Structures are given as structure tokens and as C-alpha cells.
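Colleague: heads up, no residue letters with this:
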């Protein structure tokens with residue numbers, strides 16, 4: 001079943017989302033109209049005075065994709081996966097840096113040094129990380145305008161690093177209970193890229209392995225743990241790791257180095273989670289938190305598949321869940337284009353220029369349109385994101401790129417907002 005449909009009254013007051021069948025009846029009877037296509041929202045033609053129940057919003061922030069769900073009690077009524085564009089931002093900054101460096105080396109134009117009069121504010125994040133916070137917050141605010149959200153639950157930390165290092169920091173029962181294994185295992189899965197440390201086997205059952213075996217005096221501390229498949233684990237046994245890998249010095253050096261290396265990606269993600277947490281608190285809504293180990297524990301207990309949006313549903317304290325939707329909205333951040341008027345080749349020399357006016361025949365790149373072609377070689381119906389051309393012949397990105405569609409066949413479905421949508 002698809003997501004529930006967002007409902008607004010005639011004053012744009014958010015109401016409880018309804019089933020698609022109910023929304024279809026309201027639209028057919030003329031009691032409502034389409035307000036927004038993505039996410040699909042209808043607006044009623046009357047004011048609703050009844051008491052509105054509250055909705056919970058849950059977030060599972062990730063390095064590349066953030067899971068978002070809305071819950072009515074224990075019922076999951078809306079799911080979405082938001083794909084960030086942090087790597088694209090980093091690549092653009094690297095490209096700009098290289099072009100400027102090339103200009104300086106060629107002595108073509110001097111840019112005065114500005115690093116001495118720039119100071120970073122407290123809580124500064126790199127642009128690729130700040131984008132993750134801002135994009136997530138944008139969708140939190142969008143959903144607040146479409147549904148009566150009264151509570152936000154966020155996965156605040158991926159791993160409780162301090163508790164892993166010091167198990168008695170908040171009581172032995174929590175750390176040595178059944179949750180402790182989930183925290184450690186989730187940390188190791190990310191640190192060792194879900195592969196066997198000895199043979200790089202993937203998609204097999206992995207076991208927690210002591211690099212220096214306990215029989216040789218090894219400890220249970222995180223730097224002494226890795227992941228190994230059953231075959232390698234049994235083959236190594238209680239041998240010293242240097243003896244076991246005496247004929248494989250490259251693998252030995254990699255394991256010893258990786259064991260000491262902190263999980264930098266997790267630390268970066270954790271920093272954005274804290275920044276997001278602070279921004280969520282500014283909304284005035286109560287914000288609850290949970291750890292990544294607890295999320296995995298809940299998902300395993302409820303026997304749910306591993307997806308970003310279902311991970312979000314399992315964040316925090318969860319007794320039971322009723323998932324009434326199985327088709328999350330896939331949201332991908334595409335940006336709003338660029339102000340750069342002159343495109344350059346890989347050497348930094350001008351190659352082409354961009355028109356100053358972004359609109360062509362009433363359309364702009366990024367609009368989602370529906371084109372019904374009735375003649376020519378491309379007869380058919382196409383729905384997707386367009387790239388405009390000055391000639392009025394557009395490209396439409398559907399499952400495949402379709403080129404040369406005239407603007408006369410196009411009708412706007414959803415105006416450009418910096419995102420693309422799919423199911």
C-alpha cells in the first residue's frame with residue numbers, strides 16, 4: 001500500500017492524513033482539490049473544527065540517506081528516504097579550488113588572500129555536512145505544514161562511543177544486557193565495511209573476532225575486535241594474529257592499522273546529528289532521542305527488513321509497529337542549479353556560456369512535467385524532470401533520458417523545488 005495522503009482544510013490547517021481511497025472519493029465528489037503533487041496533498045473546500053490527533057515524526061539521519069516516517073500512534077502512515085548531495089557539493093568545491101589554483105599558477109588574475117579575515121563561528125560544519133542538516137530540517141518544516149506533528153524522535157548517535165569504552169558509565173545492567181551486543185556489532189560492521197577482515201568475504205554471516213585472542217591475553221576492548229567469517233574464525237582459533245598471517249604481511253598491516261583507526265565517518269555523522277538535534281530543539285516541539293544500537297535491536301525484534309525508512313520507524317522506545325504503507329517516497333536533493341554564467345573545461349578555460357534567463361516557454365530546468373506526444377517518432381506519455389533548451393525542445397528524465405520533446409506537449413506537474421521524486 002502507498003503512503004497516506006496529506007490533508008489540509010480550506011485555511012491550510014493540517015489534518016490527519018487519510019487513505020488514498022478516501023482522498024480519491026473526496027476529489028471525485030468535488031469536496032477537495034489537489035494542493036501538492038510531491039508529497040501528494042489535498043486541500044478541502046471547508047473548515048474542519050474537530051479536534052485533531054497528533055502525529056509523531058521519526059528521523060534516522062545517515063551519511064548519504066536519511067530515513068523519515070510519520071506515525072499515528074503505533075501505525076506507520078508515511079515513509080520517505082531523503083538522499084543528500086554532500087558528495088556533489090564536495091566535488092564542486094574541489095573543482096573550484098583547482099580552477100583558482102590553476103589561475104594563480106598561470107598568473108592570470110590575482111585573488112587577494114582572505115583567510116586572515118575569516119573566522120569560523122562556533123558549531124561550524126563543512127558545507128557538505130551543513131547541507132545534510134539544512135536539507136533534513138527543510139523536510140521537517142515541510143511535513144509540519146502538512147501534518148499535525150507534536151513530537152520528533154531522532155537517532156542522535158550511531159554508536160555510544162563513551163559507553164563502549166567505559167561500560168559502567170550509566171550502569172552495568174544497560175551495557176551488559178542484550179542491547180550491548182547490538183551497539184558493539186553495529187560499530188564493527190561499519191568500521192570493517194561489513195567484510196571479513198582476513199579474506200574480505202561479503203554477504204556471509206560474520207562473527208565478532210578477537211585480533212589478539214583472549215587465550216594470548218587479548219581484551220574485549222573495541223580496538224581488539226574485528227569481524228571474521230566462520231571459516232577464518234575457526235582456522236585462526238587461538239593463534240596470535242602475526243603467526244596466523246605470517247605469509248600475508250599486507251593483510252596483517254591493514255588489520256593492525258584499521259584496528260587503531262577511529263571511525264571518522266561515524267564521528268562526522270555524529271557531529272551533524274548533534275547540530276540537527278540543536279536545530280530541532282529550536283522548533284519548540286519535544287525532541288526524543290535514541291541510539292543506533294537500540295534502533296537495530298527494535299528492528300530485529302520486530303523482524304523488519306533493513307531499510308532507511310523502517311530504521312527511522314524503529315528509533316527510540318518502540319513496543320510494537322503496524323506498517324500500513326510499503327512504498328516510501330524516494331526524495332533526492334538535486335540543488336537549485338548554479339549562478340555560474342561561464343562553464344569551463346577541465347583546464348579552466350571558458351567552453352560555453354549559460355543564458356541569463358532560466359525560463360524557456362514558461363518552464364525551467366528541474367520542473368516535473370507530463371508530456372503526451374501525439375505525433376512524430378516519440379509518440380507516448382512521459383513524466384519526469386526536464387532540462388530546458390532555448391529552442392523549446394526539452395529533455396525529460398524518466399527511467400531513461402528522452403531527448404527532443406517539444407514544449408507544446410508539456411504540462412507542469414510539480415514546479416522545481418530542488419528535489420526529484422520517485423517511488
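Modeller: Great, that's in hand. Worth saying up front: this structure is predicted, and the values here are computed from it rather than measured. Numbers count the residues shown, from 1 in each chain.

Colleague: burial count for residue 192?
Modeller: 21 (other C-beta atoms under 10 Å). In short, each C-beta sits where N, CA and C put it, glycine included.

Colleague: Which elements pack onto the helix or strand hosting residue 293?
Modeller: When elements are assigned from DSSP states H and E, residue 293 belongs to helix 292-301. Helix 292-301 sits against strand 149-157, helix 178-191, helix 308-313, with contacts defined as 3 or more C-beta pairs under 8 Å, 6 or more residues apart in numbering; DSSP states H and E.

Colleague: how about 6 Å then?
Modeller: Here helix 292-301 touches helix 178-191, going by 3 or more C-beta pairs under 6 Å, 6 or more residues apart in numbering; DSSP states H and E.

Colleague: After the helix it packs on, which helix or strand is next? Please name it.
Modeller: Beyond helix 178-191 toward the C-terminal end (DSSP H and E), the next one is strand 206-210.

Colleague: which residues are contacting that next one?
Modeller: Strand 206-210 has contacts (C-beta atoms under 6 Å, 6 or more residues apart in numbering) with 218, 224, 225, 226, 227, 228, 233.

Colleague: quick one: the fourth one from residue 234, how far?
Modeller: Meaning residue 226. 15 Å (C-beta to C-beta, to the nearest Å).

Colleague: Of the two, give the one with the bigger neighbour count.
Modeller: Under the criterion of other C-beta under 10 Å, the comparison of residue 226 against residue 234 puts residue 226 first, with 23 against 10.

Colleague: what residues are up against the closest residue to that one other than its chain neighbours?
Modeller: Take residue 226 and drop its neighbours on the chain: the residue closest to it by C-beta to C-beta, 6 or more residues apart in numbering is residue 197, 4.1 Å away. Applying C-beta under 6 Å, 6+ apart to residue 197 gives the contacts 226, 227, 228, 255.

Colleague: now the second one, what's its secondary structure?
Modeller: This means residue 227. Classification of residue 227 using DSSP: H, G, I helix; E, B strand; the rest coil returns strand.

Colleague: Bridged to it, which residues?
Modeller: Taking DSSP bridges, one finds residue 208 as the beta-bridge partners of residue 227.

Colleague: any idea of the pLDDT on it?
Modeller: We have a pLDDT of 88 for residue 227.

Colleague: so residue 228 makes contact with residue 192?
Modeller: No: the criterion here is C-beta atoms under 6 Å, and residue 228 misses it with residue 192 at 9.2 Å.

Colleague: thinking again about what came up before, from the contacts of strand 206-210, pick the one nearest residue 303.
Modeller: Nearest to residue 303 among the contacts of strand 206-210: residue 227, at 23.1 Å, using C-beta to C-beta.

Colleague: ok, now which ones touch that closest one?
Modeller: Contacts of residue 227 by C-beta under 6 Å, 6+ apart are 188, 192, 197, 206.

Colleague: and what of residue 250?
Modeller: Contacts of residue 250 (C-beta under 6 Å, 6+ apart): none.

Colleague: Where does it sit, in terms of helix or strand?
Modeller: helix 249-260.

Colleague: now for the following helix or strand past that helix, which elements pack on it?
Modeller: Later in the chain than helix 249-260, the nearest helix or strand by DSSP H and E is helix 264-281. Judged by 3+ C-beta pairs under 6 Å, 6+ apart, helix 264-281 is in contact with helix 127-146, strand 149-157.
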